[in-house]
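*Asks:* Using only what follows, build the 3D model:
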Amino acid sequence: MKKIKLYDIKHNFYNYIKDIEAGKALLITRNGKPFFEIKPVLPKPVNRRPFGLCAGEFHVPDDFDAPLPEYILDEFEGKTIS
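*Replies:* Numbering: from 1, shown residues only. Model (predicted):
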């Protein structure tokens, strides 16, 4: 990341825009301290992840959507079991 003084970016903004277009991020400093950051917006990935990427790597049990046991529901509701 390129560090630039606020004064420099005020007076040479167009030159720094070229850096951003080239994919570089800029850290703007004021009085030697980081002030803000300018970075390019990255394009979205063209290829999507394929459907079924993890097929066969795990098994979903038949009762995965069954109601939870009463003692777990009670704990979610803050009920104490003595």
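*Asks:* just for this structure, where's the confidence low?
*Replies:* Applying pLDDT under 70 to the chain picks out residues 81-82.
*Asks:* all strands of it, in order?
*Replies:* In the chain, the segments counted as strands under DSSP state E are 2-5, 26-30, 33-38.
*Asks:* What residues sit buried inside the last one?
*Replies:* To tie it back to what came earlier, the one meant is strand 33-38. Ile38 (16 or more other Cβ atoms under 10 Å). Glycine gets a C-beta too; all of them are placed from N, C-alpha and C.
*Asks:* packing partners for it?
*Replies:* Where contact means 3 or more Cβ pairs under 8 Å, 6 or more residues apart in numbering; DSSP states H and E, strand 33-38 is packed against strand 26-30.
*Asks:* between the strand it packs on and strand 33-38, how many degrees?
*Replies:* Going by axes from the mean of the first three to the mean of the last three Cα atoms, to 10 degrees, strand 26-30 is angled at 150 degrees with respect to strand 33-38.
*Asks:* Any chance you could list what contacts strand 26-30?
*Replies:* 1-6, 9, 16, 19-20, 34-39 (Cβ atoms under 8 Å, 6 or more residues apart in numbering).
*Asks:* As CSV, the strands of the chain with distance to Glu70 would be great.
*Replies:* Formatted as CSV, the strands of the chain follow (distance: least, Cβ to Cβ, whole Å):
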stretch, distance to Glu70
strand 2-5, 59
strand 26-30, 55
strand 33-38, 51
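*Asks:* Quick one: closest of the ones you listed to Asn47.
*Replies:* Proximity to Asn47 (Cβ to Cβ) singles out strand 33-38 among the strands of the chain, at 28.2 Å.
*Asks:* Quickly run through the sheet partners of the closest one, with directions.
*Replies:* Applying DSSP bridges, strand 33-38 is found paired with strand 26-30 (antiparallel).
*Asks:* Out of the strands of the chain, which is closest to Pro61?
*Replies:* Of the strands of the chain, the one closest to Pro61 (Cβ to Cβ) turns out to be strand 33-38, at 46.5 Å.
*Asks:* could you dump the closest one to PDB, C-alpha only?
*Replies:* Output in PDB follows, covering the C-alpha atoms of strand 33-38 (Å, rounded to 0.1, in the frame of the first residue of the first chain):
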ATOM      1  CA  LYS A  33      -1.000   9.600  10.800                       C
ATOM      2  CA  PRO A  34      -3.300   7.500   8.700                       C
ATOM      3  CA  PHE A  35      -6.400   9.500   7.700                       C
ATOM      4  CA  PHE A  36      -8.200   7.400   5.100                       C
ATOM      5  CA  GLU A  37      -7.700   4.700   2.500                       C
ATOM      6  CA  ILE A  38      -8.600   4.600  -1.200                       C
END
